[in-house]
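Trainee: Generate coordinates for the sequence data below:
(chains A and B)
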Amino acid sequence: MEIIEKIKTNKSIDNQTEIQKICLDKLQSSPLPNPRSEQWRLSNKSKLSNFLDYSVNENNSKFDIPYPKNSESNIRLIIGENCQIKLIEKNYSIRQLSEDELQKYIKEQISCFNQNENWSDLLNLSLSCKNNILGLKINGSKIPPIEIFSYASSNSLNAKTLIIFLEKNCNVELLQVNLGEDTSSLSQSTFFYLEENSSLNHGVVSYGVNKSNLLNSLNVIQQKNSKYNLGSLHFKFNYARFEIRIKQSEGNAKTNIKGMQITKKDEQISTYTKIDFDGPNGFLDQINKSLADDKSHAIFEGSIIVPKIAQKTDASQLSRNLLLSNRAQIDTKPQLEIIADDVKCKHGATISQLNEEELFYMRTRGITLTEASKLQLSSYFQEIISFIPVSKDRWDLLDKLLNEN
Amino acid sequence: MVNENLVKDVVKEPYKYGFVTDIETEKIEKGLNEDIIKLISQKKEEPRFLLDFRLQAFKKWQKMKEPDWAALGYKKIDYQDIIYYSAPKQKEKISSLDEVDPKLLETFDKLGIPLTEQKKLTNVAVDAVFDSVSIATTFREELAEHGVIFCSISEAVKNHADLIEKYLGTVVPASDNYFAALNSAVFSDGSFVYIPKGVTCPMDLSSYFRINSGDSGQFERTLIIAEESSSVSYLEGCTAPMFDTNTLHAAVVELIALDDASIKYSTVQNWYAGDEEGVGGIFNFVTKRGKCLGKRSKISWSQVETGSAITWKYPSCLLLGEESVGEFYSVALTNNLQQADTGTKMIHIGPKTKSTIVSKGISAGNSKNSYRGLVKMGTKATGSRNYSQCDSMLIGDQASANTFPYIKSQQPNSEIEHEASTCRISEDQLFYLQSRGIEFEEAVSMMVSGFCRDVFNQLPMEFAAEADKLLALKLEGSVG
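Mentor: Now for the predicted structure:
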């Protein structure tokens, strides 16, 4: 736990920015999350300590995006590498947030942080140097799809931060790709602010190689009449944690989430979501899928919070899990906390293996067991993958997943 | 538009069991230490093993911390400010009901529990527990003819020490949790049931718990053992007088079912819930657990929880035997400032085990009602199944309903299904019923009763009717 030792002595980083100082101060008294807290109780302690064992890498080596080739109609950004962007076109503009805007927003966010809940963000912001923070303000329509990459190089801990403001009536498709090299740790924190009537189709695809680790945290604030769609996929990480916090600050907003995590070997991947409805007429449709094989462990914890003000909220959450091995483990905890009375809230959870009757049917039609299993898995995956924007046409995610399994 | 005030009015029925029986009682001094435990044990003339069990539990309890994970908020309990033993004074040992203090009999009469001979018409044997001790058990001889042992746990300690020593604390170990440890150290009385091999208990057994004094806690312990191929249905009812202080009730219930045995345990809990401002009421911290040890054994919990200021209760099943079955049917109603954190744990250990959970929560007023449940499939639970359903109904915009299901699976060849929903009383349905000439309150009560039907269907006849009435009464004045 090299980092933690450094945080304790507050010497981890030279030339600390103000934000880094604030976060380091917050972490100093209790540098690690409480392992007994609800959010961290299932987290594998040795894997987390492994995550923190690398030293921080602030320099970004040149990174070759594995595939696919960039098409001209897309905007591609790599956090830490080519952070300079200013695009002012007829229909839209994308410009970088000024230092002041960034500082102000991050400070505001930090002031409402909870030590356990936002520990990943605190760690991220205390380690993320200026170069590794990308802040954008986007305005307009007919914006070409945007791809943003975060990348962790071997034997180091890399912290990357992304902050995006979507101005009124703006409509964006964004794919975020988090890649980890062998034996690397990536701390990625993302903050979105969606103004009125804006809409964001967001995709998150995270994958690593052997022994890659990831702490991925996503904070979204939605103003009224905004629409946020998230399609996410996490796989091939020794340890990964995906935290989603969405706040519908004035209600009247729509959120759709479709996420999936796939674990094999002795990996542990977890998803934590917290959806706050701070106004009436909110809408949420969420599905989270897990697939656990070998000796791996998949975790989902989702909470929906509906206070008194959030009348006429319509929220549903579904956790569907496939357990494919005797030694694998799945934990799921969908959770509702409701005070408003005029609401429709429901959740469901299932854990099972592949449907035997369907497999049998396909086999009687001459399809081999392997093929039949693949067919079933592909339909299981497809629901999520088809929801990930930008990628679905160009990234052969489904093939990649099926070949892996 | 539903009239909020009207609904509120529907939940306001005064608590009708709130009277105090003026009876001379024997109490020991307040406080908890080894000497008090030795004194309790001595008063009950207990064998050495039980005193050791108590002292060990007390040692463990001292090292434990009160749990704070439940979604409950209450004033810190001063465990030294509680009387741990209180019993109505009786001159001599009683040999028949005629010798029981008439005041006590009157009390149970008022509560609708017939103890006297002439009233024993219904086919239910009753064990009545008043504060710390069991005062009477009916139908003993008839039960004895079938080999069924039904008596207070203190008597069982004297007459069936071997069974107590063999089974006590095997399902809920003394160190299981804070309140179970406290109970193990100071438990005063409770019921003991033993159903021998192959016997179907000829009548329903019932315990009736009554807290009478305001400053003594009630710590009863129930142990039910169903031998191979036997079956029993057990009912439990609880009431307490109205005091403006909080009274602690920390009970432990242990059930053991061997091969092909079945135990059905039903509770109607109507402890005093405190007044509208939340003053007074019982703190109900109960550990109930059943162990399906044998093959094809079955344990079924059904509960109607309407009372108590605070409820902390998770009747659970450990499904060890092959093809054993666990069931949990619950209705929890909270009103005013009541708080309930209740649910179940279904731990699937053996292969082909099955469990069903149906939980209905109704929260009205400013109350807080949480379902917290765990379903766990162990590595050996091949071919096991669980189905859970948790529905909440909210009445008024001040009440809260939470659902916290923990689901854990380590066995791919098993299936878990969970679903939960939250709704309120539908205006359309209310309007429909009213337009057919049904009074508003009756319409609400019909709808609540419909909402709980899945659970009421599981209760024994007499209880189902009582529960339905109880719910209607409790809701009187709160729906609107």
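Trainee: Now for the nearest residue to residue B:401 once chain neighbours are set aside: which residues touch it?
Mentor: Once its chain neighbours are removed from consideration, residue B:401 has its nearest residue in residue B:392; the separation is 3.7 Å (CB to CB, 6 or more residues apart in numbering or on different chains). (Glycine included, C-beta is placed from N, CA and C.) With contacts taken as CB atoms under 8 Å, 6 or more residues apart in numbering or on different chains, residue B:392 has the following neighbours: A:336, A:338, B:360-363, B:369, B:371, B:401, B:403, B:420-423.
Trainee: which of those lies closest to residue A:369?
Mentor: Lowest distance from residue A:369 to those (CB to CB) belongs to residue B:420, with 35.4 Å.
Trainee: Tell me who's in contact with the closest one.
Mentor: A:334, A:336, A:346-348, B:371, B:389-392, B:403, B:405.
Trainee: Turn those residues into JSON lines, columns for secondary structure.
Mentor: Converted to JSON lines, the contacts of residue B:420 look like this (DSSP: H, G, I helix; E, B strand; the rest coil):
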{"residue": "A:334", "secondary structure": "strand"}
{"residue": "A:336", "secondary structure": "strand"}
{"residue": "A:346", "secondary structure": "strand"}
{"residue": "A:347", "secondary structure": "strand"}
{"residue": "A:348", "secondary structure": "strand"}
{"residue": "B:371", "secondary structure": "strand"}
{"residue": "B:389", "secondary structure": "strand"}
{"residue": "B:390", "secondary structure": "strand"}
{"residue": "B:391", "secondary structure": "strand"}
{"residue": "B:392", "secondary structure": "strand"}
{"residue": "B:403", "secondary structure": "strand"}
{"residue": "B:405", "secondary structure": "strand"}
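Trainee: which of those residues has the most neighbours?
Mentor: residue B:403 (30 neighbours; other CB atoms under 10 Å in any protein chain shown).
Trainee: Could you tell me which residues of the stretch 201-350 of chain A lie near chain B?
Mentor: For the stretch 201-350 of chain A, the residues in contact with chain B under the definition CB under 8 Å from any CB of the partner chain are A:308, A:311, A:321, A:323-350.
Trainee: And the buried ones among the residues you listed, selectable in ChimeraX?
Mentor: What follows is the ChimeraX syntax selecting those of those that are buried according to 16 or more other CB atoms under 10 Å in any protein chain shown:
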select /A:311,321,323,324,325,328,329,330,331,332,333,334,335,336,337,338,339,340,341,343,345,346,347,348,349,350
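Trainee: surely residue B:224 meets residue B:252?
Mentor: No - contact status for residue B:224 versus residue B:252: not in contact, 12.0 Å apart, counting by CB atoms under 8 Å.
Trainee: between these two, which one's more packed in?
Mentor: When residue B:224 and residue B:252 are compared on other CB under 10 Å, the one with more neighbours turns out to be residue B:252, at 28 against 24.
Trainee: Show me what the more buried one is bridged to.
Mentor: Residue B:252 forms beta bridges with residue B:221, residue B:287, as assigned by DSSP bridges.
Trainee: hang on, isn't it packed against residue B:182?
Mentor: No - taking contacts as CB under 8 Å, residue B:252 lies outside contact range of residue B:182: 9.4 Å.
Trainee: By mean pLDDT, flag the weakest helix or strand of chain A.
Mentor: The least trusted helix or strand in chain A, going by mean pLDDT, DSSP states H and E, turns out to be helix A:391-394, with a mean of 59.
Trainee: gap between the closest residue to chain B within the stretch 1-150 of chain A and residue B:245?
Mentor: Taking CB to the nearest CB as the measure, the point where the stretch 1-150 of chain A comes nearest chain B is residue A:38, at 8.1 Å. As for residue A:38, its distance to residue B:245 is 33 Å (criterion: CB to CB, to the nearest Å).
Trainee: neighbour-wise, which of those two wins?
Mentor: Between residue A:38 and residue B:245, counted using other CB under 10 Å, the more crowded position is residue A:38 (16 against 10).
Trainee: ok, that one - contacts?
Mentor: Under the criterion of CB under 8 Å, 6+ apart, the neighbours of residue A:38 are residue A:301.
Trainee: and chain B, which of its residues are near chain A?
Mentor: Where proximity means CB under 8 Å from any CB, the interface of chain B facing chain A comprises B:377, B:379, B:392, B:394-424.
Trainee: try 6 Å
Mentor: Taking CB under 6 Å from any CB of the partner chain as the measure of proximity, chain B contacts chain A at B:394, B:397, B:400-404, B:406-410, B:412, B:415-422, B:424.
Trainee: Neighbouring strands - and their directions - for whatever helix or strand residue A:319 lives in?
Mentor: Taking DSSP states H and E as the definition, one finds residue A:319 inside strand A:314-323. According to DSSP bridges, the neighbouring strands of strand A:314-323, each with its direction, are strand A:283-292 (parallel), strand A:344-352 (parallel).
Trainee: got a list of what the spatially closest residue to residue B:455 that is not a sequence neighbour touches?
Mentor: Of all residues not flanking residue B:455 in the chain, residue B:329 sits nearest, at 4.3 Å (CB to CB, 6+ apart). Applying CB atoms under 6 Å, 6 or more residues apart in numbering or on different chains, one finds that residue B:329 lies in contact with B:302, B:358, B:455, B:458.
Trainee: Which residue does the stretch 201-350 of chain B have closest to chain A?
Mentor: When CB to the nearest CB is the measure, the stretch 201-350 of chain B has its nearest residue to chain A at residue B:348, with 11.7 Å between them.
Trainee: in terms of contact, does that residue touch residue B:384 like I think?
Mentor: Yes - in this structure, residue B:348 is within contact of residue B:384 by CB atoms under 6 Å, at 4.5 Å.
Trainee: joint contacts of these two?
Mentor: Taking CB under 6 Å, 6+ apart as the contact rule, residue B:348 and residue B:384 both touch residue B:377.
Trainee: neighbour-wise, which of these two wins?
Mentor: Comparing residue B:348 with residue B:384 by other CB under 10 Å, the one with more neighbours is residue B:348, at 30 against 27.
Trainee: Which pLDDT value goes with that one?
Mentor: pLDDT for residue B:348: 97.
Trainee: do the same with the one 10 residues further on
Mentor: Predicted confidence (pLDDT) at residue B:358: the value is 94.
Trainee: For it, give me its contacts.
Mentor: Residue B:358 makes contact with B:329, B:389, B:454-455 under the criterion CB under 6 Å, 6+ apart.
Trainee: Mind putting these into JSON lines with pLDDT and secondary structure?
Mentor: Supplementary listing: those in JSON lines, determined by pLDDT from 0 to 100; DSSP: H, G, I helix; E, B strand; the rest coil:
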{"residue": "B:329", "pLDDT": "94", "secondary structure": "strand"}
{"residue": "B:389", "pLDDT": "93", "secondary structure": "strand"}
{"residue": "B:454", "pLDDT": "85", "secondary structure": "helix"}
{"residue": "B:455", "pLDDT": "86", "secondary structure": "helix"}
